[in-house]
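Q: Sequence plus the predicted model coming up.
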2 protein chains.
Amino acid sequence: MLEATLELAEESGYGGLTIEAVARRAGVGKHTIYRRWSNIAELLLDALSHVWISDLDYRGDGPVREDLREQFLRSSHALSTPPIGPVYRAVIAEAQSDPALREQLHERFLATVEQRTLDRIERAQRAGELNAEVDLRFAAEVLSGTLYYRWLLTPRPVDEEAIDGLLDMFTAAYARRD
Amino acid sequence: MLEATLELAEESGYGGLTIEAVARRAGVGKHTIYRRWSNIAELLLDALSHVWISDLDYRGDGPVREDLREQFLRSSHALSTPPIGPVYRAVIAEAQSDPALREQLHERFLATVEQRTLDRIERAQRAGELNAEVDLRFAAEVLSGTLYYRWLLTPRPVDEEAIDGLLDMFTAAYARRD
DNA sequence: ACGATATCGGCACGGTGCGTGTCGATCTAT
DNA sequence: ATAGATCGACACGCACCGTGCCGATATCGT
């Protein structure tokens, strides 16, 4: 059922993602879908849960910059590999007309990503890699935000150049200067 | 005709924005709309042009941080004032399933915003306010990106606290240190 | 083991928006 | 004045939504 959703996303992208299509593909009545999810968006959220985030965690060793770099590269690769990208985009599009969904999306995915990044850089801060005096909450938001912005709203790819540029800024702003 | 679009966005938000609704509201046949625009998205782009960007330019005097701050506050206020917000969101949602539209959206709006910010901070760089050695193109992207991210994908408001936090990071990264 | 109940897939319905076609009425240009 | 273009209006087939109904299958209690 969730698998049917992911298959459809892979084949027809966002656009072929309708409840009727999922029901047909899964060989299931529409009621069965409506019984578990009140709309397409929640189905998509659950489908996303099955392919996103799972293996996305920081290694934890080595310099924080390298750790962030690897992590961002992995995320970027995941977002450009179907079916994750289309499903994610579909949820985000849907969320633009539904503030409640927007909040769920943030809570279940974006906030999680931000939090992991925050945990990682706060650890680096405690380890003396980053300036001790600053509040890093905005830093985590800036890192996530810039990457999502580029992926969602620009034709530019989230490639190594972009990630390195972003990390240059991060380093310039927060790395401890001796 | 574009006015009808903006009126509808103001009343029913994104969701009431259909070609049929616009045609009804404008007292116009659907053909007349299809003659000028090939789909809803392009109509929305043109509608946006009539209310966005117009008065959004930097003052140019004073410290760059204050200039950026005022500009971001103005943009944030514009985005939270109908009908701009709903129309913008509708275009962005639509663009998620249409790469060509995504490129147009970026070219006509986001790239313009980024470019103006880039011009302003490069001027500050030449004036000696910012570190002379860095490439500021990513900085402009980070500034725009972080604000759009917060507005689009989080339940958090783009308020003074967020803007100040962002500018703290910008300053820490690029302000000239004597 | 058997009957009551719940759950399922399949089908049909009214409603709505899409994109196209058709038809008079009105406006424009020569 | 007349021929052509342009307009509003209405209608059509299509797709999807959310709901209701039906008959078959599965599950559970006794």
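A: Okay, I see it. Keep in mind that what you see is a predicted model, and the values were worked out from it rather than measured.
Q: Leaving out the residues flanking it, which one is nearest to A:Val87?
A: For A:Val87, the nearest residue in space outside its immediate sequence neighbours is A:Ala9; the separation is 4.8 Å by CB to CB, 6 or more residues apart in numbering or on different chains. (Each C-beta comes from the backbone N, C-alpha and C, glycine too.)
Q: Packing partners of the helix or strand hosting the one you found?
A: Take DSSP states H and E as the rule and A:Ala9 turns out to sit in helix A:2-12. Applying 3 or more CB pairs under 8 Å, 6 or more residues apart in numbering or on different chains; DSSP states H and E, one finds that helix A:2-12 contacts helix A:19-26, helix A:40-49, helix A:84-95.
Q: A:Gly13: which of the ones you listed is closest?
A: With CB to CB as the criterion, A:Gly13 lies closest to helix A:84-95 of the helices and strands packed on helix A:2-12, at 4.6 Å.
Q: Near DNA strand D, which residues of chain A? Just list them.
A: By CB under 7 Å from any atom of the strand, the residues of chain A that approach DNA strand D are A:16, A:18-21, A:29-31, A:34, A:39-40.
Q: In a markdown table: those, plus neighbour count and pLDDT.
A: Written out in a markdown table, the entries for the residues of chain A next to DNA strand D read as follows (neighbours: other CB atoms under 10 Å in any protein chain shown; pLDDT from 0 to 100):
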| residue | neighbour count | pLDDT |
| --- | --- | --- |
| A:Gly16 | 16 | 88 |
| A:Thr18 | 12 | 95 |
| A:Ile19 | 15 | 96 |
| A:Glu20 | 9 | 95 |
| A:Ala21 | 15 | 96 |
| A:Gly29 | 10 | 93 |
| A:Lys30 | 12 | 96 |
| A:His31 | 9 | 95 |
| A:Tyr34 | 13 | 96 |
| A:Asn39 | 13 | 92 |
| A:Ile40 | 17 | 94 |
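Q: if we can go back for a sec, is any part of the helix holding A:Ala9 close to DNA strand C?
A: No - figure legend: helix A:2-12 not in contact with DNA strand C (CB under 7 Å from any atom of the strand); closest approach 10.5 Å.
Q: give me the number of residues near A:Val113?
A: Residues lying near A:Val113 (other CB atoms under 10 Å in any protein chain shown) number 19.
Q: same check, this time on A:Ile33
A: By other CB under 10 Å, 21 other residues sit near A:Ile33.
Q: Surely it is in a helix?
A: Yes - secondary structure assignment (DSSP: H, G, I helix; E, B strand; the rest coil) places A:Ile33 inside a helix.
Q: dump the residue contacts of it.
A: If a contact means CB atoms under 8 Å, 6 or more residues apart in numbering or on different chains, then A:Ile33 has A:1, A:19, A:22-23, A:43 as its contacts.
Q: Could you pick out the buried ones from those?
A: Among the contacts of A:Ile33, those classed as buried by neighbour count (16 or more other CB atoms under 10 Å in any protein chain shown) are A:1, A:22-23, A:43.
Q: Between all of those residues, which two are at the greatest distance?
A: A:Ala23 and A:Leu43 (10.7 Å).
Q: what about chain A, any weak spots by pLDDT?
A: Scanning chain A for pLDDT under 70 picks out the ranges A:53-56, A:178.
Q: rerun at 90
A: A:1, A:11-16, A:50-62, A:82-83, A:176-178 (pLDDT under 90).
Q: Quick check: residues of chain A near DNA strand C?
A: Those residues of chain A that sit near DNA strand C, judged by CB under 7 Å from any atom of the strand, are A:26-32, A:35.
Q: same thing but at 10 Å, please
A: Within chain A, the residues that sit near DNA strand C (CB under 10 Å from any atom of the strand) are A:1, A:20, A:23-24, A:26-36.
Q: Pick the one among these closest to B:Leu105.
A: A:Glu20 (29.1 Å).
Q: Hmm, A:Lys30 and that closest one touching each other?
A: Yes - with contact defined as CB atoms under 8 Å, A:Glu20 counts as touching A:Lys30 (6.7 Å).
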